[in-house]
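Trainee: Sequence first, predicted model second:
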Amino acid sequence: RDLTAKGIEVAFFGSATRMPAGPALLAVHTGAALIPTTLWFEGDDWGLQFHDEIAVPGEGTRAEKVAVLTQALACVFEKGIAEHPQDWHMLQRLWLEDLEPRT
């Protein structure tokens, strides 16, 4: 989740939210693989899935590439959360429509 209020806006479960740009920026700037990971509980243990790498687009500005990668990451997280919704805990407002306006 974005803790700065300056993240990349993405569609997440049908509503707008922001996610941090850091993972996508690292992939764009360094060529590092962006491999999403989802976690869930399995009794007293953890379940873990490494998803397919999200490739950096070949075309576009840095900002456009970061936006595409961050949205793709959000889509993977949606799928992982939907598969194990009981294990997703968000204890604060996440969607932009629910946030208090900044003055």
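Mentor: Thanks, I have it.
Trainee: Excluding residues flanking it in the chain, which one is nearest the residue nearest to the spatial centre of the chain?
Mentor: Geometric centre of the chain, nearest residue: residue 74, 3.7 Å, by C-alpha atoms, centre = their mean. Once flanking residues are discounted, residue 74 sits nearest to residue 10: 4.2 Å by C-beta to C-beta, 6 or more residues apart in numbering. Every C-beta, even on glycine, is put in place using the N, C-alpha and C of the backbone.
Trainee: Please spell out which residues along the helix or strand harbouring residue 71 are buried.
Mentor: Assigned by DSSP states H and E, residue 71 belongs to helix 62-83. Within helix 62-83, the residues scored as buried using 16 or more other C-beta atoms under 10 Å are 65-74, 76-77, 80-81.
Trainee: burial measure for residue 40, as a count.
Mentor: Neighbour count for residue 40, taken as other C-beta atoms under 10 Å: 16.
Trainee: Please give the element, helix or strand, for it.
Mentor: Per DSSP H and E: strand 37-42 holds residue 40.
Trainee: What helices and strands are in contact with that strand?
Mentor: Counting contacts by 3 or more C-beta pairs under 8 Å, 6 or more residues apart in numbering; DSSP states H and E, strand 37-42 is packed against strand 45-50, helix 62-83.
Trainee: That strand pairs with which strands, and in what direction?
Mentor: Strand 37-42 sits in its sheet next to strand 45-50 (antiparallel), going by DSSP bridges.
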